[in-house]
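J.: Here you go, sequence then predicted model.
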Amino acid sequence: MGKEFLELFENWADSYDDTVTGHDIEYKEVFKHYDPLLEEVAKRSSGRVLEFGPGTGNLTRKLLDNGLTVTGIEPSPAMRKVAQTKLAGEAEILDGDFLHFAIKGQVDTIVSSYAFHHLTDEEKGYAISNYGKLLPSGGKIVFADTMYETKDAYEEAIASAQENGFHNLAEDLQREYYTTIPVLKAFMEQNNFTVTFSRVNDFVWIMEGVKK
């Protein structure tokens, strides 16, 4: 994750789970179908899983329940503390981020939820290139995140949030590095992945890339 957002997650750790369950009206649509989304990411995963930005461990829990081995990379100490408590040592949660991490051995699937937008497009391209070197043929990247079909759709989402009085959401959409599906598709294909995109709600899509 971009370190510039670390303070946000330090402050959000204790209330994050309330937000994703729809208690925050501004973000209700962002987290619509949250639990099925996590289950879908877990269903598409296999083998040893490297998870970026596990936060409070909600996706991690789904992966573990599917019998997978998980190593999480989380830059926020507060989030790591919550995750480690919830997961009771069943998964390894390490300090690091999308670009700076250390892991030993084979990785079969790389996953993330609601986090890849903390990287600029340039950083996203670098990260995907790096992940392509970690994964074997048939290995996967499965990322669930807010993304848009076009730049116009992105601008419309900001305008809609403002019109609805969702000023925090509008600021979030402008502050962080939300990208478009064509940009991600190009990065994935450039690094020898076959990629598909599945829409979950008005904000979030699941990107699944299979290494050739």
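T.: Received, thanks. Quick caveat, the model's predicted, so the values are computed rather than measured.

J.: ok, now how distant is the closest residue in space to residue 105 that isn't next to it in sequence from residue 70?
T.: Of all residues beyond its chain neighbours, the one nearest residue 105 is residue 48 (7.1 Å), with distances taken as Cβ to Cβ, 6 or more residues apart in numbering. C-beta coordinates here come from the backbone N, C-alpha and C atoms, glycine included. Shown here: residue 48 relative to residue 70, a distance of 8 Å by Cβ to Cβ, to the nearest Å.

J.: swap in residue 210?
T.: Relative to residue 70, residue 210 is positioned 20 Å away (Cβ to Cβ).

J.: These two: which is more packed in?
T.: When neighbours are counted by other Cβ atoms under 10 Å, residue 70 comes out ahead of the other of residue 210 and residue 70, with 26 against 18.

J.: Centre of the chain to whichever helix or strand that one is part of, how far?
T.: According to DSSP states H and E, residue 70 maps onto strand 69-73. Using Cα atoms, centre = their mean, to the nearest Å, the distance from the centre of strand 69-73 to the centre of the chain it belongs to is 14 Å.

J.: what's it packed up against?
T.: Using 3 or more Cβ pairs under 8 Å, 6 or more residues apart in numbering; DSSP states H and E as the contact definition, the elements that strand 69-73 packs against are strand 48-52, helix 58-65, strand 92-94.

J.: That one to helix 58-65, inter-axis angle?
T.: Here strand 69-73 runs at an angle of 160 degrees relative to helix 58-65 (axes from the mean of the first three to the mean of the last three Cα atoms, to 10 degrees).
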